[in-house]
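In: Provided below for reference: sequence and predicted model.
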Amino acid sequence: MKSRIQIIVGILALLVLIYGCYTILEAPTMILPSWYILIVLAVVVLSASLGVGALVKAVFKLKWSVVTLSLSVAAIFCLVYLGATSKPTCTVVVKPGYSGEVRLFVSKSPEGTDKIILNDYGVGYIDQEKFEKGFTPVILKENDDITGEVKEYRKNTFTSTSFNGSLNYLSFDIPGGSGVPAKTMDELIELNAVDTNKIGPTH
């Protein structure tokens, strides 16, 4: 019976680790690629788990194998990490046919939103909290989820001649064919593609 329980616990722990690896690989990143983060975390967590597993076995004189105990410890670390890094989901709706850079400007309004609808120039608005702490994006284009096609998210600051200060925004690229011609920030403002009543300078 104990052997069966050990096998079941080991399998469950392994499934948790597989799910954790998949979640980390699919998570959007700002600077380092997700595969690099996964490798670093895997080395640290597995090394620590082996040590903790061996210590637990020795201290409590358990008959379970070090491998099973280490997998269990690693699974606990994984669940704690996923819980600590979980972020609110926000849906970004892209106009049909649009491809190119998306810019999400920080809005002056403190009220957040769970759905952002971009205009024809790929411009939308997020609150300060989402910009600083991040969020889990769900990107829809013509009702298709294309989140997996977006691999990199960037935080930017633009010093505008139209404002006495800087504008913060989050950007990413929508892949595709020939889309809307790329516009500079000043061009977007001149075209009224950016609602200047919603955004304000960051000093």
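Out: Received it, and whenever you're ready, just let me know what you need.
In: phi and psi next, for the most centrally placed residue in the chain.
Out: Centroid-nearest residue in the chain, with Cα atoms, centre = their mean: P28, separated by 3.4 Å. Backbone dihedrals for P28, given as degrees, to the nearest 10, come out at phi -70, psi 140.
In: measure it to A84 for me?
Out: Look at P28 and A84: by Cβ to Cβ, to the nearest Å, they are 17 Å apart. (Each C-beta comes from the backbone N, C-alpha and C, glycine too.)
In: how close does the spatially closest residue to F135 that is not a sequence neighbour get to E187?
Out: Closest residue to F135 apart from its sequence neighbours, by Cβ to Cβ, 6 or more residues apart in numbering: C90 at 4.5 Å. Using Cβ to Cβ, we find C90 at a distance of 27 Å from E187.
In: more neighbours: which of those two?
Out: The residue with more neighbours, out of C90 and E187 and counting by other Cβ atoms under 10 Å, is C90; that gives 20 against 13.
In: neighbouring strands of the helix or strand containing that one in the sheet, and parallel or not?
Out: Remark: C90 resides in strand 89-94, with elements defined by DSSP states H and E. Note on strand 89-94: by DSSP bridges, its sheet partners are strand 115-117 (parallel), strand 136-141 (parallel).
In: can you list these in JSON lines and add distance to V102, mean neighbour count and mean pLDDT?
Out: Putting these into JSON lines (distance: least, Cβ to Cβ, whole Å; neighbours: other Cβ atoms under 10 Å; pLDDT from 0 to 100) gives the following:
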{"stretch": "strand 115-117", "distance to V102": "9", "mean neighbour count": "15", "mean pLDDT": "91"}
{"stretch": "strand 136-141", "distance to V102": "8", "mean neighbour count": "18", "mean pLDDT": "92"}
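In: hang on, the earlier thing: the strand holding C90: what's the following helix or strand?
Out: Going down the chain from strand 89-94, the next helix or strand is strand 100-106, by DSSP H and E.
In: counting contacts, what elements does that following strand pack onto?
Out: Judged by 3 or more Cβ pairs under 8 Å, 6 or more residues apart in numbering; DSSP states H and E, strand 100-106 is in contact with strand 89-94, strand 123-126, helix 128-133, strand 166-174.
In: quick check: end-to-end length of stretch 113-128?
Out: Across stretch 113-128, the terminal residues are separated by 11 Å (Cα to Cα, to the nearest Å).
In: how is the chain divided into domains?
Out: Here the chain is described, according to automatic domain parsing, as comprising the domains 2-85, 89-190.
In: got those domains as TSV, with distance to K198 columns?
Out: As requested, the domains of the chain are exported to TSV (distance: least, Cβ to Cβ, whole Å):
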stretch	distance to K198
domain 2-85	23
domain 89-190	5
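In: comparing the ones you listed by mean pLDDT, which bottoms out?
Out: Sorting the domains of the chain by mean pLDDT places domain 89-190 lowest, at a mean of 84.
In: tell me what the longest helix belonging to the chain is packed against?
Out: Ranked by residue count under DSSP state H, the longest helix found in the chain is helix 34-60. In terms of contact count using 3+ Cβ pairs under 8 Å, 6+ apart, helix 34-60 is assigned the packing partners helix 2-26, helix 66-85.
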